[in-house]
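S.K.: Requesting a structural model of the entry that follows:
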Amino acid sequence: MTKRLRAGVVGLSGIASRLPERADQPGMGIRLPVSHAAAYHWIQETDLVAGCDLRPNRRAEFTRQWSEQAPGLRVYRDHREMLAAESLDIVSVVTSDDAHAQIVIDAVDAGVRGILCEKPIATTLADADRMIAATERAGIPLLVNHTRRWMSPWLQVSELIRQGTIGQVQRIVTSQGGPRAMLFRTGTHICDSILWFANTRPIAVHALPEPGLETYGPRYAGDGGHNPRTDPALSVLIEFENGARAFWNLCKTMPQVFDIDIYGEKGCIRGRTFPGDEMSVTIDIGNQRLVTEPLARVQHTHGWFAGCVAELAQLIRAGGAPSSGGREARMSLEVMLAALQSQANGGERIALPIADA
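M.R.: Numbers count the residues shown, from 1 in each chain. As a prediction, the model looks like this:
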């Protein structure tokens, strides 16, 4: 029998530690894992054995929630203490964005076999490069939790694009609204999706800020997503190597939408993703006729968190290319940092690659 992989979680916020929750979308009527801890408990290849957090109240709540489901669970204050005391195969990094790099490097040095890091990968390219270098040098997988990579509607869209259903992608238009239309905190997911669906190299970025944020940048000055006012909304244009373009609109003062439209040579795919993922594909069948069909809902068996953990376990056991690895995550970070540099310079075109500001 294959030995189960021992997992520990660094940072015990809700997304790290909460119990499974009942899904509210069709096909998702079971209690699904919506946290790192829950996914490790859910997937048969992994065991949740440890967690750590600087805050005593979070440690106490983690113990209260999981002591029955995970007997023998141990909790630590410091990640280095946890790494020294436990023979961990997997570490989840669920801390403030700017703290990811050193924890990942310490986990590599402790001999873990795989790492799951929250998005964005980091807040500087230098930190992202340190993380990528450490994991690649050790030959271990680094997965970054861009959740759409494991959500069935988004996977269907990716497959339709790969199959050429709508032809080569020409334009991508996305909109995020509401107070949490935040470039780094929530915008990271859309940025990753844009690059995933464009499937070609971004070469330049232009960006304009919302009124009142003209002096923000060129560096990220957020606080890990706690205060939306520290994480700006921008209007972003991304140019791609093959001539495609993406228009990415973030606006805190419009309704809470989270939409994406992908236009190809032969058709388009439209997604209305809040409150539930509703996707449709429209194909040009000639003679000025368009045919639109909704994408069928797929029954969910374990949700995106468990999908991510299941992939990480498979990568540890058998190797392979990650769905959302360090280099893909770095590309999203570079686009976001380029947007900050552009808006700080009046919307100037910023050619990629860039250096940290």
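S.K.: doesn't L208 fall inside a strand?
M.R.: Yes. Counting by DSSP: H, G, I helix; E, B strand; the rest coil, L208 falls inside a strand.
S.K.: looking at it, it is touching N345, isn't it?
M.R.: No. L208 is beyond contact range of N345, at 10.8 Å (criterion: Cβ atoms under 8 Å). Where C-beta positions appear, they are placed from N, C-alpha and C, glycine not excepted.
S.K.: Can you tell me how far V112 is from L142?
M.R.: When distance is defined by Cβ to Cβ, to the nearest Å, V112 is 11 Å away from L142.
S.K.: Ok, R59 next?
M.R.: The gap separating R59 from L142 is 26 Å, by Cβ to Cβ.
S.K.: How about W248?
M.R.: Taken as Cβ to Cβ, the span from W248 to L142 is 25 Å.
S.K.: which stretches of the stretch 1-150 of the chain aren't confidently modelled?
M.R.: In the predicted model of the stretch 1-150 of the chain, residues 1, 21-31 satisfy pLDDT under 70.
S.K.: Tell me where it has helices.
M.R.: With helices called from DSSP state H, counting those that start in this stretch, the stretch 1-150 of the chain shows them at 14-17, 36-42, 56-66, 79-85, 100-109, 125-138.
S.K.: Which of these has the highest mean neighbour count?
M.R.: Of all the helices of the stretch 1-150 of the chain, helix 36-42 carries the top mean neighbour count, a mean of 26, counting by mean count of other Cβ atoms under 10 Å.
S.K.: Output the contacting helices and strands for it.
M.R.: The criterion is 3 or more Cβ pairs under 8 Å, 6 or more residues apart in numbering; DSSP states H and E, and the helices and strands that helix 36-42 contacts are strand 5-10, helix 14-17, strand 46-52, helix 56-66, strand 90-93, helix 303-318.
S.K.: Distance check, G51 against R6.
M.R.: Between G51 and R6 the computed distance is 12 Å (Cβ to Cβ).
S.K.: picking up where we left off before, R297 is nearest to which of the helices and strands packed on helix 36-42?
M.R.: helix 303-318 (13.9 Å; Cβ to Cβ).
S.K.: got the angle for that closest one vs strand 46-52?
M.R.: Orientation of helix 303-318 against strand 46-52 (axes from the mean of the first three to the mean of the last three Cα atoms, to 10 degrees) gives an angle of 100 degrees.
S.K.: Could the C-alpha coordinates of stretch 113-123 be exported in PDB?
M.R.: Written as PDB, here are the backbone C-alpha positions of stretch 113-123 (Å, rounded to 0.1, in the frame of the first residue of the first chain):
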ATOM      1  CA  ARG A 113       8.500  16.800  -1.700                       C
ATOM      2  CA  GLY A 114       5.900  19.300  -2.900                       C
ATOM      3  CA  ILE A 115       4.600  22.800  -2.200                       C
ATOM      4  CA  LEU A 116       1.200  24.500  -2.600                       C
ATOM      5  CA  CYS A 117       1.500  28.200  -2.400                       C
ATOM      6  CA  GLU A 118      -1.400  30.700  -2.300                       C
ATOM      7  CA  LYS A 119      -1.700  33.300  -5.100                       C
ATOM      8  CA  PRO A 120      -0.100  35.600  -6.000                       C
ATOM      9  CA  ILE A 121       3.200  33.700  -6.000                       C
ATOM     10  CA  ALA A 122       4.900  36.800  -4.500                       C
ATOM     11  CA  THR A 123       4.900  40.600  -4.600                       C
END
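S.K.: Many thanks, I have nothing further to ask.
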